[in-house]
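Asks: from the sequence below, what's the structure:
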Amino acid sequence: MEIFSWLNETLLKMTWLSDLVRLLVENVFGLDVDSRLGGSIHFFIYDVAKIFILLSVLIFTISYIQSYFPPEKTKRILGRFNGITANTLAALLGTVTPFCSCSSIPLFIGFTNAGLPIGVTFSFLISSPLVDLASVILLASIFNWKIAIAYVIVGLILAVIGGGLISKLKLERYVESFVYQGKTAELPQEELTKRDRLSFAKEQVVFIINKAWLYILIGVGIGAAIHNYIPEPVVTAILGEDKWWSVLVATIVGIPMYADIFGTLPIAEALVGKGVGIGTALSFMMGVTALSLPSMIMLNRVVKRKLLFIFIGIVAFGIVVIGYAFNVFGYLFI
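Replies: The predicted model follows:
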């Protein structure tokens, strides 16, 4: 257990990095980290450095694994199953594919075009931006492993139930016709060498970092401001654990925003530090990542309004339920 604790503190929480940043802020900038400005600068530099280090390592590892699951192979795997088994597999496969809701939609179109049931493809669409290995590790580094594992489990359950409900409602006619018209070519998959896979993983690190860096900086900046400048009574008066509306407000505020999970984690961390319930913070995070406005605009081009609103309603309801459940049982995870 001592070794596990040391690995957790050193590799995930990076306490050594926090100490180094503290020395930088105090000895180079001449600021006290207990002051508002010093604390904000420490929060910003430490969180930005930690997230970029973890993100680079994790994306490289996940992309290397992902190189064994190209879209054609994924479609063949999913096509062998049906019912809840197919929904579960689609949700699990979503955990090793792209990191934001917008980049998941092209794969959603490809899977639907390949003839997979839309309930299965929606399970993939829900889980892909919501749950992945990188987000789990980052959640564990910021909160703890209990919260990270519980988040994965409820995220996958939401994806399976959401896709299953859409499947039961038989809404295929509400998918735009052009999605079914394209023919997917069954291209032979080239055998990749180890060098090819390493090159692919390196390219993915550059690609994802280029896409995510701005949102990370904005997210950490907002987190630093909440952490050090917004008085705790103000935050708890709006989103405190004793406020019945806190989860609803967090979900509604989160939905129009656009960021990947890595940009929202520092905000969730700062909110929890100010006394906001863990369920409220997770609801905000899930709303931003699963139902962002840009991804809904893109999805609106692919499915008709009725299916779009049903999808938003199911996912939003699931996020609210998860948020209240975490707030009620949060003491089990902290």
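
Asks: what sits against residue 175?
Replies: 112, 118, 302, 303, 304, 307 (CB atoms under 8 Å, 6 or more residues apart in numbering). In short, each C-beta sits where N, CA and C put it, glycine included.

Asks: elements contacting the helix or strand containing residue 88?
Replies: In this structure, residue 88 sits in helix 83-94 according to DSSP states H and E. Where contact means 3 or more CB pairs under 8 Å, 6 or more residues apart in numbering; DSSP states H and E, helix 83-94 is packed against helix 71-79, helix 118-130, helix 145-168.

Asks: my guess is residue 88 meets residue 160, correct?
Replies: Yes: with contact defined as CB atoms under 8 Å, residue 88 reaches residue 160; the gap is 5.4 Å.

Asks: which neighbours do the two share?
Replies: Listed contacts common to residue 88 and residue 160 are residue 123; contacts here mean CB under 8 Å, 6+ apart.

Asks: give me the more crowded residue out of the two.
Replies: residue 160 (23 against 20; other CB atoms under 10 Å).

Asks: not counting sequence-adjacent ones, nearest residue to that one?
Replies: Once flanking residues are discounted, residue 160 sits nearest to residue 87: 4.7 Å by CB to CB, 6 or more residues apart in numbering.

Asks: could you check how far the one you found is from residue 117?
Replies: The spacing between residue 87 and residue 117, counted by CB to CB, to the nearest Å, is 9 Å.

Asks: what sits in contact with each of these two?
Replies: residue 167.

Asks: what's near enough to touch residue 257?
Replies: 287, 288, 292, 293.

Asks: and if we set it to 10 Å?
Replies: 215, 219, 263-264, 267, 284, 287-289, 291-294 (CB atoms under 10 Å, 6 or more residues apart in numbering).

Asks: and the contacts of residue 175, which are buried?
Replies: With burial judged by 16 or more other CB atoms under 10 Å, the buried subset of those is 112, 118, 302, 303, 307.

Asks: give me the subset of those lying in strands.
Replies: Counting by DSSP state E, none of the members of these fall within strands.

Asks: please report how far the residue nearest to residue 275 when sequence neighbours are not counted lies from residue 243.
Replies: What sits nearest to residue 275 in space, not counting adjacent residues and going by CB to CB, 6+ apart, is residue 236, at 4.5 Å. As for residue 236, its distance to residue 243 is 8 Å (criterion: CB to CB).

Asks: and if you look at residue 267?
Replies: 18 Å.

Asks: more neighbours, the two?
Replies: Comparing residue 267 with residue 243 by other CB under 10 Å, the one with more neighbours is residue 267, at 26 against 17.

Asks: buried stuff in the longest helix along the chain?
Replies: Longest helix in the chain by number of residues (criterion: DSSP state H): helix 194-228. By 16+ other CB under 10 Å, the buried positions in helix 194-228 come out as 197, 200-201, 204-205, 208, 212-213, 215-217, 219-228.

Asks: show me what that helix is packed against.
Replies: If you count contacts as 3 or more CB pairs under 10 Å, 6 or more residues apart in numbering; DSSP states H and E, helix 194-228 packs onto helix 36-66, helix 101-113, helix 232-239, helix 261-273.

Asks: can you do 8 Å?
Replies: Using 3+ CB pairs under 8 Å, 6+ apart: helix 194-228 touches helix 36-66, helix 261-273.

Asks: out of the ones you listed, the one nearest residue 130 is which?
Replies: Across the helices and strands packed on helix 194-228, residue 130 has its closest neighbour in helix 261-273 (7.6 Å, CB to CB).

Asks: tell me the first helix or strand C-terminal of that closest one.
Replies: Assignment by DSSP H and E places the next element after helix 261-273 at helix 278-290.

Asks: report pLDDT for residue 75.
Replies: With respect to pLDDT, residue 75 scores 69.

Asks: and what of residue 17?
Replies: pLDDT, residue 17: 91.

Asks: so what's it up against?
Replies: By CB under 8 Å, 6+ apart, the contact list for residue 17 reads 46, 49, 50, 53.

Asks: chain neighbours aside, what residue packs nearest to the first one?
Replies: This means residue 46. Per CB to CB, 6+ apart, closest to residue 46 is residue 21, 4.4 Å.

Asks: residue 290 too?
Replies: Per CB to CB, 6+ apart, closest to residue 290 is residue 130, 5.0 Å.

Asks: quick one: contacts for residue 141?
Replies: With CB under 8 Å, 6+ apart, residue 141 has these contacts: 12, 13, 14, 50, 54.

Asks: would you turn these into a markdown table with neighbour count and distance to residue 73?
Replies: A markdown table is the format used below for the contacts of residue 141 (neighbours: other CB atoms under 10 Å; distance: CB to CB, whole Å):
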| residue | neighbour count | distance to residue 73 |
| --- | --- | --- |
| 12 | 19 | 32 |
| 13 | 15 | 36 |
| 14 | 18 | 36 |
| 50 | 21 | 34 |
| 54 | 18 | 28 |
